[in-house]
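Asks: build me a model from this:
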Amino acid sequence: MTLNKTAGFTIIETMLFLGISAMLIVGLLVGSGTAINRERYNDSLRSLQSTIQQQYAEAVNVSNENTGKLACSGETVPVGQSSCVLLGKYITPSSDGKLLNIKNVLGVKGDSFSLDDAQGKSEADVLKNQIGIMISPVGEQTYATEWDTKMTIPKSSNPIKFSMLVVHSPVSGLIRTFIDSSQIISDNEINSILLDDKNLDNSLEICVDPNDLFRGKQSSIFISADAVSSSGVDMRGDAISGC
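Replies: Numbers count the residues shown, from 1 in each chain. Next comes the predicted model:
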């Protein structure tokens with residue numbers, strides 16, 4: 001009597017198949033999740049870069065959205081009757097590195113300034129002493145980094161501290177960028193500390209911590225020394241960033 005043999009898989013073969021299949025599925029899911037998180041990180045970088053670039057555009061194309069224009073004394077007066085002029089933006093981070101605080105910059109003596117006043121003086125000196133800079137108490141904006149990322153110091157996980165003044169200079173007609181890359185300067189100390197010609201020579205690198213989105217080297221936003229337009233705000237990938 002001949003027994004019929006039926007082809008099939010042994011228990012060991014079946015277990016191996018299921019185990020390998022599970023590993024492949026897990027690997028696929030992990031790889032897909034990493035790719036998604038990496039794209040989220042890139043989105044946060046692009047958004048931060050775009051926000052800083054936008055401040056240059058607004059410094060060039062100044063618009064007053066208020067029905068009453070803010071006077072230098074802090075009171076409101078009809079549009080066209082203020083001695084102040086909008087000159088640009090003042091940018092600082094929050095203490096946790098997850099927010100940008102963006103404020104309007106006013107020239108206090110904008111209506112009485114003459115180019116004759118600038119003869120023989122540096123641009124910083126003219127802005128400080130001939131025009132006078134103050135921060136507007138209205139129109140402040142706050143930008144939050146996307147996907148819970150954090151702005152940090154290069155080579156560190158500590159939140160970054162910096163002060164960045166982007167102004168449309170009445171002297172040269174150019175955008176000038178004053179940067180202090182080590183501290184957050186209070187509004188009432190901008191004239192005495194930040195408005196210095198040496199701060200035109202400072203660049204700024206803002207590293208962006210992915211905050212557990214993925215593991216790997218960080219990218220950054222780099223602002224060139226004395227950037228005169230939005231083209232001076234670059235995104236640096238992990239291959240060239242100083243993070």
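Asks: and the helices in the protein?
Replies: Read by DSSP state H, the chain holds these helices, from start to end of the chain: 11-60, 123-125.
Asks: sort out which residues of the last one are buried, please.
Replies: When neighbours are counted by 16 or more other C-beta atoms under 10 Å, the buried residues of helix 123-125 are found to be E123, A124. Any C-beta I mention is one placed from the backbone N, CA and C, and that applies to glycine too.
Asks: just checking, what packs against that helix?
Replies: If contacts are counted by 3 or more C-beta pairs under 8 Å, 6 or more residues apart in numbering; DSSP states H and E, helix 123-125 sits against no helix or strand.
Asks: any idea of the mean pLDDT in it?
Replies: Per-residue pLDDT over helix 123-125 has a mean of 88.
Asks: before we move on, what about the longest one?
Replies: Across helix 11-60, pLDDT averages out at 76.
Asks: give me every residue that touches the residue lying closest to N42 once chain neighbours are set aside.
Replies: Spatial nearest neighbour of N42, excluding adjacent residues (C-beta to C-beta, 6 or more residues apart in numbering): S219 at 7.9 Å. By C-beta atoms under 8 Å, 6 or more residues apart in numbering, the contact set of S219 is Y41, N42, L45, C207, V208, M235, R236, G237, D238, S241, C243.
Asks: what stretches of the chain score poorly on pLDDT?
Replies: 1-33, 62-83, 110-115, 117-118 (pLDDT under 70).
Asks: can you map out the strands along it?
Replies: Per DSSP state E, the chain carries strands over the ranges 68-70, 76-78, 85-93, 99-107, 133-135, 141-144, 150-152, 163-168, 175-180, 204-209, 220-223, 233-236.
Asks: before we move on, the earlier item: tell me the one among the contacts of S219 nearest to V85.
Replies: Nearest to V85 among the contacts of S219, counting by C-beta to C-beta, is M235 at 32.1 Å.
Asks: ok, that closest one - how many residues close by?
Replies: 16 (other C-beta atoms under 10 Å).
Asks: and it, how far is that from S182?
Replies: Applying C-beta to C-beta, to the nearest Å, the value for M235 to S182 is 23 Å.
Asks: what sits against the residue lying closest to R40 once chain neighbours are set aside?
Replies: Once flanking residues are discounted, R40 sits nearest to W147: 4.6 Å by C-beta to C-beta, 6+ apart. By C-beta under 8 Å, 6+ apart, the residues touching W147 are R40, Y41, D43, S44, N211, L213.
Asks: need those residues in CSV (columns: distance to E140).
Replies: Formatted as CSV, those follow (distance: C-beta to C-beta, whole Å):
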residue, distance to E140
R40, 28
Y41, 28
D43, 25
S44, 22
N211, 25
L213, 29
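Asks: out of the residues you listed, which are buried?
Replies: R40, Y41, S44, N211, L213.
Asks: of those, which is the nearest to M134?
Replies: Of all the buried ones among the contacts of W147, M134 sits closest to S44, with 32.5 Å by C-beta to C-beta.
Asks: wait, the closest one sits on T145?
Replies: Yes. Between S44 and T145 there is a contact under C-beta atoms under 8 Å: 5.8 Å.
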